[in-house]
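**Student:** Have a look at this fold, sequence not included:
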């Protein structure tokens, strides 16, 4: 019945030579496991090369392997200082003559990762015992020791050893050392203070506030695939074998960037990232990079294509369109793969094929930095820069310095610098829950860690194309487009259904992630009409659902001791979900909460992470009068819930309604104005438009004035204004 807090390690208070492991509680007692009974032992793990592994109970003795003291990893005194309960301290292989530890007379001594990384300790309740995991060893080995309580068990050798994939081993040990004892708090070590929370930069907070973004792939992969060595980076391998498409392959004839960005605005995108250089290395901006000193010119770009006689600039057109529709632009410039430069996973290869430039690793760094300098200089302020998969060796510092110099306000996906955002760990559009804003490192993909060392919120990039356009085999679908998959245009795929896209919205943004939905112009340079229609349909559904709440409380102060925030749902009103938003100025501070509906015996929602936004579905829709109460049950300290709201979206997504463009205003002209009146919501403005057959477009401004017009005479960016048209 104790509330368990994170385990810690401490040396024995008296007697014995081994340490004790404590499980602390806040109720005046703790559990302890005394590990001094465990003996030093050597056992063999049955992996590809049988090697002896050691377990010791320091500080009783210094462990050695076959007379090789260096393989002990650390001295017994150092182990005691680090408060380690016991260690798998080293192993010896007779192969080779590498001396990594010193003093081993030519044998190869490899550390196991028990001398640097702190162990993770978990109390076992069924069966009784303690589990201790060491990680970070040679080749990422990790060992989990399960000490199971058995008063008659052996203290001299493990009961069983199980090898798992990725060099992880479970050592099960039935031993009296696995039996816990109760101890009063007076004998328990002090509870360590929690680590300080990682705090965001202003750029990270602004990025999270935007929530909705898009990423567009219109590059060589739209027309033809390419590869590096035997690795294909943009498309399936053609029958002719590996090759690099000549720059003349990029030959659209009707590029309409304005229509791309307008479609993105229709579903509420606040930021858009254009892929200007993907795995082929083809640049859709006119690269000026040249190094006469090593006879290099970046001649694999739009300047060398037939489009607009080599004088076009997709990047420039894109930034201009973003300005028109109030969207913040960004660029994806791949750094880890470049077929033109024969770069694989950040490393220059020397198995060149015709068409590839021949440069060294150091020269590649210079070329990359020159491309980035042009890209980050010529197009004005950027909101986001993408490093898909990270950055090449020895390039982090110069890239971070360049980014700070030229684009200090931009966030960097998987990049260096301070304004880092991490990958959500999936391209499905559904991130895990809980999903935290902090992580152990900026390159640690996945759910994050509430006590992580860095504030690095997650981005969930996901394809817009999904199901097959026709009943066919996967081969037929793949052959319908050079890239073969869903990131570039694929005639064998169709837009995901509205239900799929709405689910991705809820399972990304609604789980404290940023959604990055892609767009895929076809080989002519146009966004297919069916794609534009689905984006508008998504925007219409989201605006209808979340445009106006049924009840809202804003900026409520909460703490672990004063945490209740209550919404009052008026009589007759129906709600089916809640939206929670946390002020993360000082880090993500809320670790657990519940949402309860009055009259119900159990909580409707039990959750952990809130972060920028949590969208929680109630078990079923409820009708007022009723109250909904949010209780914070665990937090780092006093904080603020920016928003607690209830909405009603309990309908199946259907066609109809209006398409919307956020932060945009059509030009209001008296001669084409049908009606102008104040209405309570943008949904009501859509209804006013639908009531007039001549309505072509409408504008809903921040003063709640709805202006319905019979024609569209253009417009421009206007923060807070929503424009639209009937579907």
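**Tutor:** Noted; the coordinates are in hand. This structure is a prediction, so every number in the text was calculated from the model and none was measured.
**Student:** so how many other residues sit close to residue 624?
**Tutor:** 18 (other CB atoms under 10 Å). For every residue, glycine as well, the C-beta is placed using N, CA and C.
**Student:** my guess is it contacts residue 572, does it?
**Tutor:** Yes. Using CB atoms under 8 Å, residue 624 is in contact with residue 572, at 6.2 Å.
**Student:** Find residues that contact each of these two.
**Tutor:** With contacts taken as CB atoms under 8 Å, 6 or more residues apart in numbering, residue 624 and residue 572 have no neighbour in common.
**Student:** Okay, the spatially closest residue to residue 318 that is not a sequence neighbour and residue 185: tell me how far apart.
**Tutor:** Distances taken as CB to CB, 6 or more residues apart in numbering place residue 274 nearest to residue 318, at 4.8 Å, with adjacent residues excluded. Distance of residue 274 to residue 185, computed by CB to CB, to the nearest Å: 59 Å.
**Student:** repeat for residue 449
**Tutor:** 28 Å.
**Student:** Now do the helices in the stretch 551-700 of the chain.
**Tutor:** 682-690 (DSSP state H, counting those that start in this stretch).
**Student:** Actually, the stretch 201-350 of the chain.
**Tutor:** Under DSSP H, counting those that start in this stretch, the stretch 201-350 of the chain gives helices at 202-210, 257-266, 314-325.
**Student:** can you check the stretch 401-550 of the chain too?
**Tutor:** Using DSSP H, counting those that start in this stretch, helices in the stretch 401-550 of the chain cover 474-478, 498-508, 529-546.
**Student:** elements contacting the second one?
**Tutor:** Other elements packing on helix 498-508 under the criterion 3 or more CB pairs under 8 Å, 6 or more residues apart in numbering; DSSP states H and E are strand 458-462, strand 514-519, helix 529-546.
**Student:** Which positions within it qualify as buried?
**Tutor:** By neighbour count on 16 or more other CB atoms under 10 Å, the buried set for helix 498-508 is 498, 500-508.
**Student:** Surely residue 637 touches residue 562?
**Tutor:** No. Applying CB under 8 Å, one finds residue 637 not in contact with residue 562, separated by 11.8 Å.
**Student:** show me the contacts for residue 443.
**Tutor:** 390, 414, 422.
**Student:** Can you tell me which of the residues you listed has the most neighbours?
**Tutor:** residue 422 (23 neighbours).
**Student:** Bridged to the residue nearest to residue 318, which residues?
**Tutor:** Beta bridges link residue 274 to residue 216, residue 331 when assigned by DSSP bridges.
**Student:** try residue 708
**Tutor:** With DSSP bridges as the rule, residue 708 is bridged to residue 675, residue 698.
**Student:** Check what pLDDT it gets.
**Tutor:** Per-residue pLDDT puts residue 708 at 92.
**Student:** same question, residue 716
**Tutor:** 74.
**Student:** I'd assumed it was in a strand, is it?
**Tutor:** Yes. Assessed with DSSP: H, G, I helix; E, B strand; the rest coil, residue 716 lies in a strand.
**Student:** can you pull the pLDDT of the residue positioned nearest the centre of the chain?
**Tutor:** In the chain, the centroid-proximal residue (CA atoms, centre = their mean) is residue 424; its distance is 2.1 Å. With respect to pLDDT, residue 424 scores 91.
**Student:** Next up, the contacts around it.
**Tutor:** So, once contact is read as CB under 8 Å, 6+ apart, residue 424 ends up touching 431, 435, 445-446, 458-461, 508, 513.
**Student:** which among those residues end up buried?
**Tutor:** 431, 435, 446, 458-461, 508, 513.
**Student:** Just the closest of those to residue 631, please.
**Tutor:** residue 435 (20.8 Å; CB to CB).
**Student:** now the strands for the stretch 501-650 of the chain?
**Tutor:** 514-519, 551-558, 565-569, 574-582, 590-597, 605-607, 614-623, 626-635, 639-647 (DSSP state E, counting those that start in this stretch).
**Student:** Those into CSV, with extra columns for mean neighbour count?
**Tutor:** What follows is the strands of the stretch 501-650 of the chain, written out as CSV (neighbours: other CB atoms under 10 Å):
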stretch, mean neighbour count
strand 514-519, 24
strand 551-558, 16
strand 565-569, 18
strand 574-582, 21
strand 590-597, 21
strand 605-607, 17
strand 614-623, 16
strand 626-635, 19
strand 639-647, 21
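**Student:** so can I have TSV of those strands showing distance to residue 493 and mean pLDDT?
**Tutor:** Shown next, in TSV, are these (distance: least, CB to CB, whole Å; pLDDT from 0 to 100):
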stretch	distance to residue 493	mean pLDDT
strand 514-519	12	96
strand 551-558	39	96
strand 565-569	42	96
strand 574-582	31	97
strand 590-597	38	95
strand 605-607	35	95
strand 614-623	28	95
strand 626-635	41	95
strand 639-647	32	96
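**Student:** would JSON lines of the ones you listed with distance to residue 246 be doable?
**Tutor:** Shown next, in JSON lines, are the strands of the stretch 501-650 of the chain (distance: least, CB to CB, whole Å):
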{"stretch": "strand 514-519", "distance to residue 246": "26"}
{"stretch": "strand 551-558", "distance to residue 246": "57"}
{"stretch": "strand 565-569", "distance to residue 246": "62"}
{"stretch": "strand 574-582", "distance to residue 246": "51"}
{"stretch": "strand 590-597", "distance to residue 246": "55"}
{"stretch": "strand 605-607", "distance to residue 246": "54"}
{"stretch": "strand 614-623", "distance to residue 246": "48"}
{"stretch": "strand 626-635", "distance to residue 246": "59"}
{"stretch": "strand 639-647", "distance to residue 246": "53"}
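**Student:** Nearest to residue 326, out of the buried ones among the contacts of residue 424: which one, please.
**Tutor:** Nearest to residue 326 among those is residue 459, at 20.6 Å by CB to CB.
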